[in-house]
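# Sequence and computational prediction follow.
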Amino acid sequence: MSSAMPGMMELMQRAFRAKTAIPGFNIPYLPMMEPVVRALRDTRCLGLIAVARLEWMKFHAGGIGPVFEEYERVKDERFTRLHLDHVPVIDEDQLLVDYEGDLGLAVRLGYDSVMIDASRLPLAENIAATRKIVDMAHAQGVAVEAELGAVLGHESGPMPPYEELFASGKGFTDPEEARRFVAESGTDWLSVAIGSVHGVITEKRKEKKIEARLSIERLDAICAAVNIPLVLHGGTGIRKEYILESIRHGVAKINVATAIRQPYEALLPESLDKAREAVYDRTVRVIREDLELEGTADIINPLT
Ligand code: 13P
């Protein structure tokens, strides 16, 4: 990012204050990146190009370096920033990850923000791991996202029935824990569990995603406790009225992966060009219709 451009800490604060949101689009295949950048530019929406560790482990994103190189080639700093999504301390297969290595590399290369996901650890260990990454990233001016609570979906085992999960509130972020977590870890943004689930990444990944709901009551309680930008993962398939309401109640970043990955995978056997155009069309539709975020760059990142 060039020094004249505002960084991600500032941009997220602006989105949070304006009660709008920055979408993060995940790129599990490098050829998806250019059409997503084009869609952001054409809708004048400020968004993040994002890659999660599982997208170079289980899909074809290439890795932290290849994603950075492709981003440098196609970026448009009026409308885009680069984010390293989910680097877990323990991954979805319960294996330990060299998270400091991955996050350190992204910070050195020049990613604008990074996410440490220690949410599978007990609270004190989640705080300690996040604090370490915050200190390392802040020394280079890079913003940090962390997660508290259990946003399910990526785990290899079967998921409990959704309605049961939602009704019980099991795994939802606890406001008092969130208060302590933010104060002690120093994270810039917090990913919260309030009812959304991640898209499936196992052999069932071609199926339509369940329609999730959100507990706006829980979101309000968390927001009042921490007063920092909150992040909604599992952005595909959440009922629209809940998404719009969540943006008015503290969610300043929404992650979207499945919605733009499925059309790419469906059309790729036919032609790469068609697959890329399907990504463009779907990204425009998500920004315009599902999230109603067209034109937000003019509010969050205006030309001075
Ligand atoms: P979806 O696949 O449900 O859009 O979730 C994306 C996500 O949260 C990536 O971190």
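Sure thing, it's come through. Numbering: from 1, shown residues only.
# quick one: the helix or strand of the chain with the lowest mean pLDDT to chain centroid distance?
Taking mean pLDDT, DSSP states H and E as the measure, the chain has helix 162-168 as its least confident helix or strand, at a mean of 89. Relative to the centre of its chain, helix 162-168 is centred 23 Å away, using C-alpha atoms, centre = their mean, to the nearest Å.
# buried sites along it?
Of the residues in helix 162-168, 165-166 count as buried by neighbour count, 16 or more other C-beta atoms under 10 Å. C-beta here means a position set from N, CA and C on the backbone, and glycine is covered the same way.
# With stretch 107-124 instead?
So for stretch 107-124, counting by 16+ other C-beta under 10 Å, buried means 107, 109, 111-121.
# end-to-end on that stretch?
End-to-end span of stretch 107-124 (C-alpha to C-alpha, to the nearest Å): 24 Å.
# could you check whether that stretch is close to the ligand?
No: Stretch 107-124 stays clear of the ligand (C-beta under 6 Å from any ligand atom), getting no nearer than 8.0 Å.
# Against which helices or strands is the least confident helix or strand of the chain packed?
Where contact means 3 or more C-beta pairs under 8 Å, 6 or more residues apart in numbering; DSSP states H and E, helix 162-168 is not packed against any helix or strand.
# now what about the helix or strand following that helix, what contacts it?
Note on helix 162-168: by DSSP states H and E, the next helix or strand toward the C-terminus is helix 175-185. Outside of helix 175-185, the residues within contact range by C-beta atoms under 8 Å, 6 or more residues apart in numbering are 123, 126-127, 130-131, 134, 146, 148, 187, 190, 192, 218, 221-222, 224-226, 228.
# ok so, going back, ok, and what's touching the least confident helix or strand of the chain?
With contacts defined as C-beta under 8 Å, 6+ apart, helix 162-168 is touched by 152, 159, 171, 195, 197, 210, 212-213, 215.
# and the residue of the stretch 101-250 of the chain found nearest the ligand, how many neighbours does it have?
Nearest residue of the stretch 101-250 of the chain to the ligand (C-beta to the nearest ligand atom) works out as residue 199 at 2.9 Å. Number of residues near residue 199 (other C-beta atoms under 10 Å) recorded here: 24.
# Also residue 192?
Neighbours of residue 192 (other C-beta under 10 Å): 29.
# again, but for residue 275
With other C-beta under 10 Å as criterion, residue 275 counts 20.
# pretty sure it contacts residue 260?
No: using C-beta atoms under 8 Å, residue 275 is not in contact with residue 260, being 10.7 Å away.
# hey, where'd the helices end up in this structure?
Ranges of helices within the chain are 8-17, 33-42, 53-57, 64-74, 99-109, 123-138, 162-168, 175-185, 216-226, 240-248, 258-267, 272-285, 297-300, based on DSSP state H.
# And the ones you listed, which one averages the lowest pLDDT?
Of all the helices of the chain, the minimum mean pLDDT falls on helix 162-168 (a mean of 89).
# Return it as CSV; C-alpha atoms alone will do.
The C-alpha trace of helix 162-168 is given here as CSV (Å, rounded to 0.1, in the frame of the first residue of the first chain):
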residue,chain,number,x,y,z
TYR,A,162,-28.6,-25.5,12.5
GLU,A,163,-31.9,-24.7,14.2
GLU,A,164,-30.7,-26.6,17.3
LEU,A,165,-27.4,-24.7,17.2
PHE,A,166,-29.1,-21.3,16.9
ALA,A,167,-31.7,-21.9,19.6
SER,A,168,-29.1,-23.1,22.1
